[in-house]
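*Asks:* output the structure for:
(chains A, B, C and D)
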Amino acid sequence: MNLIDVTQLVAGYGNNAPILHDVDLALAAGKIGVIAGPNGAGKSTLLKAIFGLLNIHSGDIKHNGKSIIHLRADQLVAEGLAFVPQEFNVFESLSVEENLEMGAFIRTDSISDSIDHVYEYFPPLKEKRKQAAGELSGGQRQMVAMGRALMSRPTLLLLDEPTAGLSPLFMEKIFERIIAVNQAGVTVLMVEQHARQALEIADQGFILVTGKNAYTDTGDALLNNDEVARSFLGGVS
Amino acid sequence: MNEFIFFFNKVIVSGAAIGSVYAMGAIGVTLIFGILRFAHFAHGDMMTLGAFFAFGLTVMFPQAGQLFGLPTGFIMLPFAMVLTALVAVLLDRTFYEPLRRNKINPVGMVMASIGVTLMLQGLIRLFGGIEARHFFFAERKDIFRLALPFESASRKIVITEPQILLFVFTLLAVLAIHFILNRTKFGKAMRAVSDNVDLARVSGINIQKVTVITWMIAGSLAAAAGVLLSLDVSLKPDLSFNLLLPIFAAAIVGGVGHPYGAIVGGYVVGFAETLSIFNWAVFLRPFRESLPDWYELPSKLALVPTEYKITVPFFILVVILIWRPTGIFKGKVI
Amino acid sequence: MKPLLNVFSKESIIIIICAALVLFVFSLFGAAFGFRMLAEIACFSIIALGLSIQWGYAGLFNAGIMGFIAIAAFTSMLVSFPVNEDFRQSIYATEIIWVFVKLVMGIVIIWGINRLPFLQTRVALRRLLLLVAIAVTYLIFMQNLEPVASGIEKEAGFIGGFGLPVWMGWIAGGIVAGILAWFVGHICLGLRSDYLAIATLGIAEIIKAVLKNADWLTRGTLTVSPLPWPVSTPGEIGFIASRALYLTITVIMIGFILWLLQRAYNAPWGRMIRAIRDNELSSAAMGKDVNARRLEVFIFGAVLMGVGGAALVTFNSIFDPSGFLPLHHTFLIWVMVILGGAGNNMGTILGTMIVYIVWVMSEPATLLIFEAVKYLGVEWFNWQVPNDFDSRALQMRVFLIGMTITLVLRYAPQGLLPEKIREN
Amino acid sequence: MGNILEVKQVSKSFDALQVINDCSFEIEQGSITGLIGPNGAGKTTMFNLIAGVFHADQGQILYQDKDISGHKPEELFQLGLLRTFQIAQEFSRLTALENLMMVPNHQPGESLVNVWLRSGKVASFEEKVRQKANDVIDFLKLGHIKNELAGNLSGGQKKLLELGRTMMVDAKMVLLDEVAAGVNRTLLQDLTANIQRLNRELGYTFFVIEHDMDMIAQLCSPIIVMAEGRKMMQGSIEEIRANPEVVKAYFGGGVITT
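*Replies:* Predicted structure coming up:
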């Protein structure tokens, strides 16, 4: 069974015209899914719709076979979803460690193990644990943001352009960490502008164009699909 | 020497007392500003309400104080705090929450809080009347007069029991707030919501619970400030309106959304008030002989006549808005 | 075409309700009372229109309407009240002028320091000098004013007025309220909207404190009366006739103001204001000076409040600084505007009528109800009635005003007659 | 021709986050210059600095040889420097036509004195503005929706309206922030043609942030590539595609069409 199942989704901001038109998406547990496509195609919108931040006109979103379109954000976190927005994704006035604690807000058990775990994933955070997150660099912020999301022990991690604004070096580090997180059993669904690199680590790729599914296939298949490569991945390879 | 004792009594003790009251009020205002993002105009009336709860309990059980050797009004303080906290949560549920759900703009929320303040005012005066009342109707208000071990000091330092209780309570309240905000899960969540409400939501923080806790803290601190102030002076139903401006000034001076700033702001406003209405002629009198002949020493030489005390917080507010709109500590909202 | 028809019918229903209310008051309390109420409604309407453009056109939250009313009423009183000969002939008439000449000199010096070329780069020094200059000016002014003020109080009561025609007083009142708005707006309009509410609230309290305590200027709690009327007074031609005349004048004023407002609103000016309200960021990028325009609207509204306030206080014929109440002179007006529909002139006027009639009628109604409560309480429970029972009972009106605000915000945030959206 | 805009060693940070880092470039008068770079490279921040929404921490921005760092948006508008927004910023409760008509500054009808006392002057100017707005509406082929409230328009129509607003006055330089996003292909061709026409016929200089490489390739020369808050390189589309560093930072799998 798929962990996340989006069927015929039509959604938009408020009561304005919908941005997503009949979008389908399905991802099995333990996989990495990548949503790619040109700007304005509704990639981030799809992620936000899954996380209940949008007005859903029709269609359904199922997590573990259960419809989640009527749940509030905190209920979604309890369901095992976690979301890292693209911008403003850390609490700037809180310390790194407090940011992580906030990620574990819904948990009632001890969280110190999980904090140590996050520090293992992202070693640079350990020495900055007492520092305010607002004082960190872009790459470190991204680590805090991902760490915060992992603190709720999610089964499905949604990442909105985790490498935006990062240097190529940092980008590779972040991708490496995403793979590590995935190998620990977390299903990852991410929007990525660096489509080629992202598809290389993806099990499943979804290419959206103007709010509709354009191509859906495995990462490798998409990379090797001439038409996709020509239209969306650029001639350079 | 006597002049300094006079100064100490009039400026330091009174300023610290009123400053503590402002600080406790301003913490509530600043928390609500930070988390719910509107200026809560009904805060003054929550103070009055708290004081009336305590007064009502004092009238019902006038002997309670003797058991502990403290003023009865002070014994009733925790109960008044709980009651006011409940009222605050109730007010939020009935009046503010539906508006938030309708996504009304912050100014609409401010106006709703003015509606609430009028309703509270109406009810308080309907049941409580409009005359001033005193907590110490059945017992004696202890006033301590401390003599200083100096020969030249014939005056005594005067401090009342309610003032001492006020200082002690404020200190405890500040420590408690510090502890809550930095050590408890919900306190940290409050800071997180104040920092970035959207991220707090997607992190799974239950905004509703945080809101409730914010109102409980704000409500109980407001009640405490109201009770302790009316213990020291008297309980007047129009207490609230005169407190509102200094409290907002304190919150803005300290930097909106910044609890420690609110404390500092409270004392800044409190001392500014007592300093500006202090009669500085007292300090000149000893030098009467050495002053030039043409200078006639006025009997009163205050920066601001007492009846214009209300201008002081306003003046501070205006200066801050011009000079540094984010307040002393860098506040959140401009 | 259909929505337009709906709006029209809604409007006419409300007009019929208003007319019925007025008829009811006239038949129950007589024409003299009825005209008095209508004249007051007219004055309140002018104030409410001022608020309606501040809030409805530009979204500015003025929580200190009372201050604008009070200062305008004072100005109007000062301009139109007969000359106080005792004061005119005393030595203080010249001395008070000197005090203010010194104040003006001080202000000129302060202004000069601010402009001194060699200080432009030395910010800290300039601030220090400014602070010292302000402090010195303030202290000298206070020192000089004190004896003169008490002298005036002792020998002449207060300074009296200039004895000019009433209409000049009203205009002066509007201008002074506008100047006050300029000061407040200059400081607050660039900041978060809540700050304006706090600042105006403070201004109102300060103006009230000054008017109440500066006895040499206002007679303080002794009050100034009778204020001259622009038309024949009841003493000359009777209550009904004189009040009807007064009403006529104010209605003509409302007509003129409505003409000004409609014209401005339908012009490019109105389009610009709506654009700014819609999208501040984009308006600024399109070259509109957002803050200057807000200031303009704020001043415009304040001028109307001033004129309306001066007319209201003149009608009551007594200037009583302690009579200015935030409830009556700020929040009642807020209820009128939000109930009627901010930004809709007709709605504002109808809202004013409904709210004021209900407000006036609520006094006897409340007392009646509480009399009944008292009667039952005494009869059945042998209740000890507090001796300030009646004044307590009237607090129910405060409660009702607050309740109306919250209910309107919740269930009809646009008011009875929402602002119309224009289509070309 | 000379440079209309020069950005000299500009830096800007928000709290601790350095968004623009010692960035310098020039824009030639009469050109259509593209600005590309990965998300988060600081492109929109750069626009906001030029348009006066933010002020640079360090460095200078010269527009027509005049230092404009510290100018407010409305002052820049007076100087003929206009911008559109990444997310369309329409006046939602004004009609499409009114959205255009509000643009010209110093309309006589914007002064209350004129409105009340000189209605003739106001009306005649208003007629001219209306005429112009109608022309622009026709030019953009939006005649059928000119009396719709702008809030009800589709994303693409709002974008066109944004471009239309720049046509209401004699702009010298226009900053376009992702005009193509959310606009369908046929409309995009119109938009591109319109931009070129404005550039050719009215001498507008355009500075364009765009992700749609089709449009960039067709429209812009030169193209500035930004990464990590500074200019990485500048050149024609061919030069940029040939630069391995750019390919790594930006195209290495990004959205690019040939």
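
*Asks:* per-residue confidence averaged over whichever strand or helix holds residue B:275?
*Replies:* Assigned by DSSP states H and E, residue B:275 belongs to helix B:259-277. Helix B:259-277 shows a mean pLDDT of 93.

*Asks:* can you check stretch B:207-220 too?
*Replies:* For stretch B:207-220, the per-residue pLDDT averages 95.

*Asks:* give the buried residues for it.
*Replies:* B:207, B:210-220 (16 or more other CB atoms under 10 Å in any protein chain shown). Using the backbone N, CA and C atoms, a C-beta is placed for each residue, glycine as well.

*Asks:* contacts for it?
*Replies:* Contact partners of stretch B:207-220, identified using CB atoms under 8 Å, 6 or more residues apart in numbering or on different chains, comprise A:74, B:27-29, B:31-32, B:35-36, B:40, B:43, B:46, B:50, B:81-82, B:84-89, B:91-92, B:97, B:177, B:180, B:186, B:189-190, B:193, B:197, B:200-201.

*Asks:* out of those, which are inside helices?
*Replies:* Among the contacts of stretch B:207-220, the ones falling in helices (DSSP state H) are A:74, B:27-29, B:31-32, B:35-36, B:43, B:46, B:50, B:81-82, B:84-89, B:91, B:97, B:177, B:180, B:186, B:189-190, B:193, B:197, B:200-201.

*Asks:* what's the residue lying closest to residue B:159 once chain neighbours are set aside in contact with, if anything?
*Replies:* Of all residues not flanking residue B:159 in the chain, residue B:144 sits nearest, at 5.2 Å (CB to CB, 6 or more residues apart in numbering or on different chains). With contact set as CB under 8 Å, 6+ apart, residue B:144 has these partners: B:158-161, B:164.

*Asks:* name the element residue B:144 belongs to?
*Replies:* Short version, using DSSP H and E: residue B:144 is in strand B:143-147.

*Asks:* next SSE downstream of that strand?
*Replies:* With DSSP H and E, the next secondary element past strand B:143-147 is strand B:156-160.

*Asks:* dump the residue contacts of the residue nearest the centre of chain C.
*Replies:* Centroid-nearest residue in chain C: residue C:69, 3.0 Å away (criterion: CA atoms, centre = their mean). Residues near residue C:69 by CB under 8 Å, 6+ apart: C:47, C:177, C:305-306, C:308-309, C:312-313, C:324, C:329.

*Asks:* wait, residue B:185 touches residue A:103, no?
*Replies:* No. Using CB atoms under 8 Å, residue B:185 makes no contact with residue A:103, being 11.9 Å away.

*Asks:* tell me which of the two has more neighbours.
*Replies:* residue A:103 (33 against 16; other CB atoms under 10 Å in any protein chain shown).

*Asks:* quick one: the residue nearest to residue B:159 and residue B:13, what's the gap?
*Replies:* 11 Å (CB to CB, to the nearest Å).

*Asks:* need the overlap of contacts for the two.
*Replies:* What both residue B:144 and residue B:13 touch, as defined by CB under 8 Å, 6+ apart, is the set B:158-159.

*Asks:* ok, back up a step: the residue nearest to the centre of chain C sits in which helix or strand?
*Replies:* According to DSSP H and E, residue C:69 maps onto helix C:65-80.

*Asks:* buried sites along whichever helix or strand comes after that helix?
*Replies:* Next helix or strand after helix C:65-80 toward the C-terminus (DSSP H and E): helix C:85-89. Of all the residues in helix C:85-89, those buried under the rule 16+ other CB under 10 Å are C:86-87.

*Asks:* list the helices and strands helix C:85-89 packs on?
*Replies:* helix C:123-156 (3 or more CB pairs under 8 Å, 6 or more residues apart in numbering or on different chains; DSSP states H and E).

*Asks:* the helix it packs on packs against which elements?
*Replies:* Where contact means 3+ CB pairs under 8 Å, 6+ apart, helix C:123-156 is packed against helix C:85-89, helix C:92-115, helix C:215-218.

*Asks:* what's the most buried one of the ones you listed?
*Replies:* helix C:215-218 (a mean of 20; mean count of other CB atoms under 10 Å in any protein chain shown).

*Asks:* what's the mean pLDDT across that one?
*Replies:* 88.

*Asks:* low-confidence ranges, the chain, go.
*Replies:* Since no chain was named, I'll use chain A. Applying pLDDT under 70 to chain A flags the ranges A:15-16, A:39-40, A:165, A:167-168, A:230-237.

*Asks:* wait, chain C
*Replies:* C:1-8, C:421-424.

*Asks:* could you redo the last one with a cut-off of 50?
*Replies:* For chain C, applying pLDDT under 50 flags the ranges C:1, C:424.

*Asks:* domains of it?
*Replies:* Using automatic domain parsing, the domain parsing of chain C gives C:2-84+C:158-411, C:85-157.

*Asks:* give me every residue that touches the closest residue to chain D within the stretch 151-300 of chain B.
*Replies:* Taking CB to the nearest CB, chain D has its nearest neighbour within the stretch 151-300 of chain B at residue B:195, 11.9 Å off. Residue B:195 makes contact with A:91-94, B:332 under the criterion CB under 8 Å, 6+ apart.

*Asks:* counting neighbours, what do you get for residue B:129?
*Replies:* 17.

*Asks:* test my guess that it contacts residue C:388.
*Replies:* Yes. Taking CB under 8 Å as the definition, residue B:129 is a contact partner of residue C:388 at 5.5 Å.

*Asks:* got the phi/psi numbers for residue D:86?
*Replies:* phi -60, psi -50 (degrees, to the nearest 10).

*Asks:* in space, what's closest to it - neighbours in sequence excluded?
*Replies:* Closest to residue D:86 by CB to CB, 6+ apart is residue D:177, at 4.3 Å.

*Asks:* now residue C:245
*Replies:* Per CB to CB, 6+ apart, closest to residue C:245 is residue C:231, 4.1 Å.
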